[in-house]
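Participant: Build the 3D model from these lines:
(one chain, ligands or ions: 1)
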Amino acid sequence: MIGPHKRILVTGGAGFIGSHLTETLRLDRCEVVVLDDLSMGRRENLHEAVEFHQGDVRDEDALRRALKGVDAVIHLAAKVSVRASTDDFINDASVNVLGTLSALKACAGTGVRKFVYASSMAVYADSPEPKPINEDYACRPISPYGVGKLASENYVLDICPRMGVAPVVLRLFNTYGQGQTFTPYVGVITIFIRRLLNSEPPIVFGSGEQCRDYISVDDAVTACGLALESDCGGQVFNIGTGTPVSVNALAEKLCELINPEIKPVHEAERPGELRNCIADAGKARRMMGYNPLGHVFDQLEDLIDYHKSLK
Ligand SMILES: NC(=O)c1ccc[n+]([C@@H]2O[C@H](COP(=O)([O-])OP(=O)(O)OC[C@H]3O[C@@H](n4cnc5c(N)ncnc54)[C@H](O)[C@@H]3O)[C@@H](O)[C@H]2O)c1
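Facilitator: Numbering: from 1, shown residues only. Alright, predicted model coming up:
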């Protein structure tokens, strides 16, 4: 994927996507540096060959230390909960917006030549139907998390070129896979599997007919690698599969696979959640050769086995 001897800083690298990414980069013979405050991530997620700096992405000294000799940055560090962002929007903006600005500022005058920013589908306006949307679709976020992600995208695209750094923005859709940091708020697949393995019903908010586009963490990692190696500075890419899956269909499938006696229960709709958000990832396919894995349902049995092995 990436050529050898690249030194890459992954902020938030001890978290869910970061730990998969750092391992892939390490196996690709990159020198990997991680800056993470371990608020969600875990040191044990990282191979001993990874140079680890425990620190806050808003701390300029910590960033400067972590950036020594670095060629490229993949900026993942963030608060990753739409729901938490509606209650604690100051903390969300502090980490997600000011954290991004600090990371950008610290890159000035260093050897960094590429800055990959992990944005989110949460930047988009709600879409009335579960049809794939491309990068030109209206950006009108309906949560503080989405507002912050969109602001950061724009800062990255504006500030990087002034410093001679090529920015790439990846709008990741719902990412699933092994090692997802468990909270009751993030990662519906992980939450449903954990509840069902505890003999608890999955809780579906609203009608459940809202559709999402679930991408494997392997695809998110591949997209980061492609963004590093391809000549696509200044571009924004959707990273999803194009396949809509309703929350009802997901809950029913997981009940069927884990415990068919349990039925999903419904609760009131939560604010800030998009009704439909499906990626048209054609641009990433054309410009970077991105080619996502198959249907999420084909990956569920392995994921369930993994969660059983943790019990
Ligand atoms: N998981 C998804 O479905 C998804 C979807 C779209 C976008 N994203 C984006 O991808 C990135 C990674 O998400 P993830 O799912 O791996 O979440 P995660 O919570 O597992 O990882 C985030 C990491 O950032 C670290 N962090 C948080 N605040 C920090 C701070 N102030 N300083 C330093 N480190 C800090 C955490 O300890 C954690 O290790 C985030 O930017 C997120 O917004 C994720």
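
Participant: could you check the distance from residue 52 over to the ligand?
Facilitator: Taking Cβ to the nearest ligand atom, to the nearest Å as the measure, residue 52 and the ligand are separated by 11 Å. The way it works is simple: take the backbone N, C-alpha and C, and place the C-beta from them, glycine included.

Participant: so what's that residue up against?
Facilitator: Contact analysis of residue 52 by Cβ atoms under 8 Å, 6 or more residues apart in numbering lists 14, 33-34, 36, 43, 46.

Participant: Could you turn the buried ones of those residues into a PyMOL selection?
Facilitator: If you want just the buried ones from the contacts of residue 52 in PyMOL, going by 16 or more other Cβ atoms under 10 Å, the selection is:
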select buried, resi 14+33+34+36+46
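
Participant: show me which of the contacts of residue 52 neighbour the ligand.
Facilitator: By Cβ under 6 Å from any ligand atom, the members of those lying near the ligand are 14, 36.

Participant: Just name the closest of the contacts of residue 52 to residue 23, please.
Facilitator: The nearest member of the contacts of residue 52 to residue 23, counting by Cβ to Cβ, is residue 46 at 8.3 Å.

Participant: Mind listing residues that contact the least confident helix or strand in the chain by mean pLDDT?
Facilitator: Within the chain, judged by mean pLDDT, DSSP states H and E, the helix or strand with the poorest mean is helix 82-87; its value is a mean of 90. With Cβ under 8 Å, 6+ apart as the contact definition, helix 82-87 has outside contacts at 79, 92, 122, 143-146, 148, 185, 270-273.

Participant: let's see it at 10 Å
Facilitator: Residues external to helix 82-87 that are found in contact with it (Cβ atoms under 10 Å, 6 or more residues apart in numbering): 79, 81, 91-93, 96, 120, 122, 141-149, 183-186, 205, 270-274.

Participant: Farthest pair within the contacts of residue 52?
Facilitator: Across these, the longest distance by Cβ to Cβ is 14.1 Å; it joins 33 and 43.

Participant: rewinding a little: inside strands: which ones of the contacts of helix 82-87?
Facilitator: 120, 205 (DSSP state E).
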